[in-house]
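Participant: pasting the sequence and the predicted coordinates here, then a few questions.
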Amino acid sequence: MMDLKTALTVIILALPFFAMTVWAVVDVARKDFTSIGEKAFWGLIAAIPFVGFFIYLLFGFRRGAKPAGSSRRQNNV
């Protein structure tokens, strides 16, 4: 059985990898790719724990394009 200190260490070390994986999956979901198949491929790659984020960042991040109208507009009041 794992003691509390070991469990907290594992959680603290795993949290950044989890956050990066979530970011990569959300980034894939927001971008337009040349086909649905390519988007699905990069979504699967991004969802691989620990290494998927790095593979997506190195090879897939620049492949997708932000959809038109996705820029934030400031409201002048």
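Facilitator: Happy to help now that I have it. Remember, predicted model here, so these are calculated numbers, not experimental data.

Participant: which SSE is the spatially most central residue of the chain in?
Facilitator: For the chain, Ala24 is the residue whose C-alpha lies nearest the centre (C-alpha atoms, centre = their mean; 1.0 Å). Ala24 is part of helix 4-30 when elements are defined by DSSP states H and E.

Participant: thinking again about what came up before, mind checking how far the nearest residue to the residue nearest to the centre of the chain once chain neighbours are set aside is from Phe18?
Facilitator: In space, and not counting its chain neighbours, Ala24 is closest to Ala46: 3.7 Å by C-beta to C-beta, 6 or more residues apart in numbering. The way it works is simple: take the backbone N, C-alpha and C, and place the C-beta from them, glycine included. Distance, Ala46 to Phe18, by C-beta to C-beta, to the nearest Å: 13 Å.

Participant: what ranges in the protein fall below the confidence cut-off?
Facilitator: By pLDDT under 70, the weakly predicted segments of the chain are 70-77.

Participant: switch to 80 and redo it
Facilitator: Across the chain, the ranges flagged by pLDDT under 80 are 1-2, 68-77.

Participant: you'd agree the residue nearest to the centre of the chain is up against Phe53?
Facilitator: Yes. Ala24 lies in contact with Phe53 (C-beta atoms under 8 Å); the separation is 4.7 Å.

Participant: what residues are shared contacts of the two?
Facilitator: Ala46 (C-beta atoms under 8 Å, 6 or more residues apart in numbering).

Participant: buried stuff in stretch 35-55?
Facilitator: Going by neighbour count (16 or more other C-beta atoms under 10 Å), the buried part of stretch 35-55 is Lys39, Trp42, Gly43, Ile45, Ala46, Gly52, Phe53.

Participant: mind listing what the residue nearest to Ala24 touches?
Facilitator: By C-beta under 8 Å, 6+ apart, Ala46 lies in contact with Thr21, Ala24, Val25, Asp27, Val28, Gly52, Phe53, Ile55, Tyr56, Gly60.

Participant: phi, psi for it please.
Facilitator: phi -60, psi -30 (degrees, to the nearest 10).
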